[in-house]
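Asker: Build me a structure from this.
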Amino acid sequence: MELERLLSSKGRVRVLRILLREGQVNISRLIRETGLHHRLVVKHLEELKRMGLVEERRYGRLRIYEANLQDPRVSALRELLKTLESILG
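Answerer: Prediction:
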């Protein structure tokens, strides 16, 4: 995994944090929660999917995104983010 690539983008980290916190989320909620433009959220989701950290499910036109909890890297990132949040407040 390209850790530098993931952590170099505040937007990607925001999207991943929301997915880890909320579980399954649609793109409208991600846009609202991150405060980012639709195009940026889509770009970050595509990158996270390419990295194997996020999965997409389609139900007709509705797309639901969730962190790939089967990937041990995601579990490690979740613990890292929890630790950093507790330290940094």
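Asker: Just after the helix or strand bottoming out on mean pLDDT in the chain, pick out the following helix or strand.
Answerer: Of all helical and strand segments in the chain, the minimum by mean pLDDT, DSSP states H and E falls on helix 3-7, at a mean of 70. Elements were assigned by DSSP states H and E; along the chain past helix 3-7, the next helix or strand is helix 10-22.
Asker: Would you map the strands across this protein?
Answerer: With DSSP state E as the criterion, the chain has strands at 25-26, 54-59, 62-67.
Asker: Go through those strands and name the closest to residue 2.
Answerer: strand 54-59 (14.3 Å; C-beta to C-beta). Placement of C-beta: from N, CA and C, glycine included.
Asker: Buried residues of the closest one, list them for me.
Answerer: 54-55 (16 or more other C-beta atoms under 10 Å).
Asker: Where is the longest helix in this protein?
Answerer: helix 72-88 (DSSP state H).
Asker: Write down the beta-bridge partners of residue 26, one by one.
Answerer: The partner list for residue 26 in beta bridges (DSSP bridges) reads residue 64.
Asker: is it true that it touches residue 66?
Answerer: No - Residue 26 sits out of contact with residue 66 when judged by C-beta atoms under 8 Å, with a separation of 10.5 Å.
Asker: In contact with the residue sitting nearest the centre point of the chain, which residues?
Answerer: Taking C-alpha atoms, centre = their mean, the centroid of the chain lies closest to residue 16, which sits 2.1 Å from it. Under the criterion of C-beta atoms under 8 Å, 6 or more residues apart in numbering, the contact partners of residue 16 comprise 6, 48, 53-54, 67, 77, 81.
Asker: And it, how far from residue 59?
Answerer: With distances taken as C-beta to C-beta, to the nearest Å, residue 16 is found 22 Å from residue 59.
Asker: same check, this time on residue 80
Answerer: For residue 80 relative to residue 59 (C-beta to C-beta), the value is 31 Å.
Asker: So what touches stretch 38-54?
Answerer: Outside of stretch 38-54, the residues that reach it under the criterion C-beta under 8 Å, 6+ apart are 1-2, 5-6, 9, 11-12, 15-16, 19, 27, 30-31, 34, 36, 55-56, 65-68, 71, 73-74, 77.
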